[in-house]
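> got a sequence here, can you build the structure:
(chains A and B, ligands or ions: 2)
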Amino acid sequence: MKPQERLLVHHINRALTRIMGEDERVLMIGEDLLDPYGGAFKVTKGLSTQFPQRVHTTPISEAAIVGVATGAALRGMRPVCEIMFGDFLGLAFDQILNHATKYPLMYAQEVGCPITIRTPMGGRRGYGPTHSQSLEKFFVGIPGLEVTALHRFQPVEAFYRRAILQRDQPSLIIENKIMYGQEPLDTVARYGDFQVRRHGQDVVDAELSLTDFAHEEVTLITYGGMTDHCLEAARRLLLDEEIASNVLVLGRLSPVQLEATAAACARTGRVLIAEEGTGAWGIGSEWAAQLTDALWGKLKAPIQRVACTAPVLPNSRALEEQVLPSTDTIIQAVQTLMSRT
Amino acid sequence: MSQEQTEQFFRKLSFIRLFESHLLEQFSWGKLSGTTHTCIGQEANAVGITASMGRGDVVFSNHRCHGHYLAFTDDAFGLLAEIMGREEGVCRGWGGSQHLCRDGFYSNGIQGGIVANAVGAALAEKHAETGAVTTVFLGDGTLGEGLVYESMNLAALWSLPVLFVIEHNGYAQSTPTRLQLAGELEARPRAFGIPTLSLASNDADAVHAAVAPLFEQIRAGEGPRCFVSHTYRLGPHSKGDDHRDPAEIEARRTFDPIRLYRTKLPETRATEIEQANQNRLAEIVNRLAESEGS
Ligand SMILES: Cc1ncc(C[n+]2csc(CCOP(=O)(O)OP(=O)(O)O)c2C)c(N)n1
Ligand SMILES: [Mg+2]
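Numbering: from 1, shown residues only, chains lettered A, B, ... in the order given. Ligands and ions are numbered 1, 2, ... in the order given. Predicted coordinates for the structure are as follows:
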């Protein structure tokens, strides 16, 4: 493998290639998918050459991309939609809310609607207010939609195969833009000084610890693009402040399944949730509410949340760094957790 | 038209009218809850268009879907039970009047979105080489939704086997065409290069004759077609409120599709068919009354 083919973007690409090769019902639908361009983030590169009949490049019509995929799924296909930037997903909102997810539910489960929507989210690339957001919180409240977030500890092919071939309901997969350019860590038992454990098979939650998974004082919960910031915070907390923490990187955002997470949190009694999008009504809000319920009597301090603090993501990288949650804001929140105990 | 087909058309036309009149009556007595949109006055489209369909063909319909559903599936029991919110309903009471699904028929009460879904269904049928035609029914008011044009564009670009049927009844709920539709309606599908046929007739035979060649062209792989029916809704938008000029509605009764079609049959035969329809509906109503609560 050439060094540049080891990145996560190439792993997703190879997974999609294999899945398309295995099953004739899989279609790719999205903007600018054709070679030599191969999609704005190159995730679909080569697919149109290998499967010219089944890769459909579209006009700039996000609602139609999801709407057409939905109709095709009702008639037996397994379409995969690429929404070029997650920021454009709003244009397809009604198709997700009132069509793709609603058909199986309102037709009394007589039909499936196996569409997969993949889209990149997240900032830190200087793309500015309308190309950097983390908008998944607007979709996790849609009943009947599974929302998952790719992370580096996830076995990539199993993750995509499950959504595309093994489920009969709509899936939304959040891919983080920065992560595309990183190497997957799907098989490692150690990452730097961290030990890695995995829970689950095809939508994996990863648990990382610098110590022994037994005597940590704090649990940091996150997903997707905030993973590295949490890990760095955990490392500095141990080195600088002798606070041991474990980091949980969740693969599934919705429907919420926090039993294993709650068990891990019960060991520490101190929980912090980090997300990149704006915090109010966020992913962390629901997680915190459910964990508070599950951990009642075991929490030593109120669950802390860190999130984007500004209503808009500035274009300037320097300004962006000020408003996005960072290693520093996570460390500060952990200090708050410790001081409120 | 053979005598048999004429009788079949009349049987369907008059049954749809009877069925929906029953619904309005039940609503007025408070025996049904929620809402319903009848196609009273537009039945010729349901009957004339579905007559070109065969096994494997697909239909997407909207809020005004009972006529399309009955003409396509003939499942009056499943529909009535569904509207009554019963377990025996085609969607076991979850969908109701506007959300039906059976044997390739799909309806949704959200305006516009089904047009994209129909284009996607046509894409699937084309990939699977089934030879099926997907038909989508939309009203003139729904031409206000942008997704309709995204969908027509894709259907034309990808040359998909889909028929767009626009039932232009002059109103969107309370809003008349002059307040909601700029320019010429037919120019819109034509702008995408979709051959578009326009007809102002409530005669189910005329509708059938106009649309049958469109099905043939689509089946021959010639890509999408559009049929625009200039028609009129004789009943209210939904259950009751109607602010249109009564004289306007009265004038349109001359073109009532059931009345028009009835003259094609001998009086005694027409009466026999109507009686048989009444018996059929009564039997369904009784069956549902008997199984109630059991
Ligand atoms: C997205 C959406 N907006 C509004 C409505 C409410 N609504 C239901 S039917 C209707 C009028 C539709 O007019 P038209 O497409 O001409 O069909 P018609 O009722 O005349 O058959 C409206 C506004 C809806 N169901 N969906
Ligand atoms: Mg109308």
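
> contact partners for residue A:159?
The contact partners of residue A:159, taken as Cβ atoms under 8 Å, 6 or more residues apart in numbering or on different chains, are A:15, A:148, A:150, A:173, A:202, A:203, A:204, A:251. Backbone N, C-alpha and C define where each C-beta goes, glycine included.

> which among the residues you listed gets closest to residue B:266?
Using Cβ to Cβ, residue A:173 comes nearest to residue B:266 of the contacts of residue A:159, at 63.9 Å.

> confirm that the closest one sits in a helix.
No - according to DSSP: H, G, I helix; E, B strand; the rest coil, residue A:173 belongs to no helix; its state is strand.

> enumerate every residue touching residue 64.
Since you didn't name a chain, this refers to chain A. A:58, B:116, B:119, B:147, B:150, B:151, B:153, B:154 are the contacts of residue A:64 under Cβ under 8 Å, 6+ apart.

> meant chain B actually
So residue B:64 contacts B:37, B:38, B:39, B:42, B:137, B:139, B:167 (Cβ under 8 Å, 6+ apart).

> tell me how far it lies from residue A:257.
Distance of residue B:64 to residue A:257, computed by Cβ to Cβ, to the nearest Å: 41 Å.

> check contacts around residue 42.
All of this refers to chain A. Listed by Cβ under 8 Å, 6+ apart, the contact set of residue A:42 reads A:9, A:13.

> oops, chain B please
Neighbouring residues of residue B:42 by Cβ under 8 Å, 6+ apart: B:64, B:67, B:167, B:169, B:202, B:229, B:231, B:232, B:233, B:257.

> roughly how far apart are it and chain A?
Remark: distance between residue B:42 and chain A (Cβ to the nearest Cβ, to the nearest Å) = 24 Å.

> give me phi/psi at that residue?
Backbone dihedrals for residue B:42, given as degrees, to the nearest 10, come out at phi -120, psi 10.

> residue A:191 contacts residue A:185, correct?
Yes - the pair residue A:191 / residue A:185 is scored as a contact, 5.4 Å apart, by Cβ atoms under 8 Å.

> name the residues contacting each of these two.
residue A:153.

> which one of these two is surrounded by more residues?
residue A:185 (19 against 14; other Cβ atoms under 10 Å in any protein chain shown).

> am I right that the more buried one falls within a helix?
No - counting by three-state DSSP, one finds residue A:185 to be coil, located in no helix.

> spit out the contact partners of it.
Counted by Cβ under 8 Å, 6+ apart, residue A:185 has contacts A:152, A:153, A:191, A:196.

> of those, keep whichever come out buried.
When the contacts of residue A:185 are checked for burial by 16 or more other Cβ atoms under 10 Å in any protein chain shown, the buried set is A:152, A:153, A:196.

> how would you label the last one: helix, strand or coil?
Which is residue A:196. Here residue A:196 takes the strand state, with states given by three-state DSSP.

> bridged to it, which residues?
Beta-bridge partners of residue A:196, counted by DSSP bridges, are residue A:208.

> list the residues that contact the residue of the stretch 201-341 of chain A found nearest chain B.
Residue nearest to chain B within the stretch 201-341 of chain A (Cβ to the nearest Cβ): residue A:255, separated by 19.3 Å. By Cβ under 8 Å, 6+ apart, the contact set of residue A:255 is residue A:146.

> how about the strands of chain A, start to end?
A:26-31, A:55-58, A:78-82, A:116-121, A:146-149, A:171-176, A:190-191, A:194-199, A:205-209, A:218-222, A:245-249, A:252-254, A:271-278, A:304-308 (DSSP state E).

> right, is the second one up against chain B?
Yes - for strand A:55-58, a contact with chain B is found by Cβ under 8 Å from any Cβ of the partner chain, at A:56, A:58.

> mind exporting that strand as PDB, just the C-alpha atoms?
What follows is strand A:55-58, C-alpha atoms only, in PDB (Å, rounded to 0.1, in the frame of the first residue of the first chain):
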ATOM      1  CA  VAL A  55     -22.800   5.700  -9.800                       C
ATOM      2  CA  HIS A  56     -25.100   8.600 -10.500                       C
ATOM      3  CA  THR A  57     -23.700  12.100 -10.400                       C
ATOM      4  CA  THR A  58     -26.400  14.700  -9.800                       C
END
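
> quick check on residue A:169: phi, psi?
The phi/psi pair for residue A:169 (degrees, to the nearest 10) reads phi -120, psi 160.

> tell me which of the contacts of residue A:185 is nearest to chain B?
Nearest member of the contacts of residue A:185 to chain B, counting by Cβ to the nearest Cβ, is residue A:152, at 33.5 Å.

> who's in contact with the closest one?
A:8, A:179, A:182, A:183, A:184, A:185, A:186, A:227.

> let's see 7 Å
Neighbouring residues of residue A:152 by Cβ atoms under 7 Å, 6 or more residues apart in numbering or on different chains: A:8, A:179, A:182, A:184, A:185, A:227.

> give me the distance between the residue in the stretch 101-250 of chain B positioned nearest to ligand 1 and ligand 2.
Nearest residue of the stretch 101-250 of chain B to ligand 1 (Cβ to the nearest ligand atom) works out as residue B:139 at 2.2 Å. Noted for residue B:139: a distance of 4 Å to ligand 2, by Cβ to the ion, to the nearest Å.

> just list the residues touching that residue, thanks.
Residues in contact with residue B:139 (Cβ under 7 Å, 6+ apart) are B:62, B:64, B:167, B:169, B:172.

> neighbours around the third one, how many?
Number of residues near residue B:167 (other Cβ under 10 Å) recorded here: 25.

> just the element for it, please.
Residue B:167 is part of strand B:162-168, with elements assigned from DSSP states H and E.

> quick one: that strand to chain centroid distance?
Mean-position distance between strand B:162-168 and its chain equals 10 Å (Cα atoms, centre = their mean, to the nearest Å).

> which elements pack onto the helix or strand following it?
Using DSSP H and E, the helix or strand that follows strand B:162-168 in sequence is strand B:171-172. Packing contacts for strand B:171-172, counted by 3 or more Cβ pairs under 7 Å, 6 or more residues apart in numbering or on different chains; DSSP states H and E, involve no helix or strand.

> close to ligand 1, is strand B:171-172?
Yes - against ligand 1, strand B:171-172 shows contacts by Cβ under 6 Å from any ligand atom at B:171, B:172.

> residues making contact with that strand?
With contact meaning Cβ under 7 Å, 6+ apart, strand B:171-172 is reached by B:139, B:140, B:141, B:180, B:233.

> what is the burial count for the second one?
This means residue B:140. Residues lying near residue B:140 (other Cβ under 10 Å) number 21.

> show me the contacts for the residue nearest the centre of chain B.
Residue closest to the average C-alpha location in chain B (Cα atoms, centre = their mean): residue B:68, at 3.5 Å. If you count contacts by Cβ under 7 Å, 6+ apart, residue B:68 has them with B:46, B:50, B:59, B:61, B:137.

> right, I'll call it a day here.
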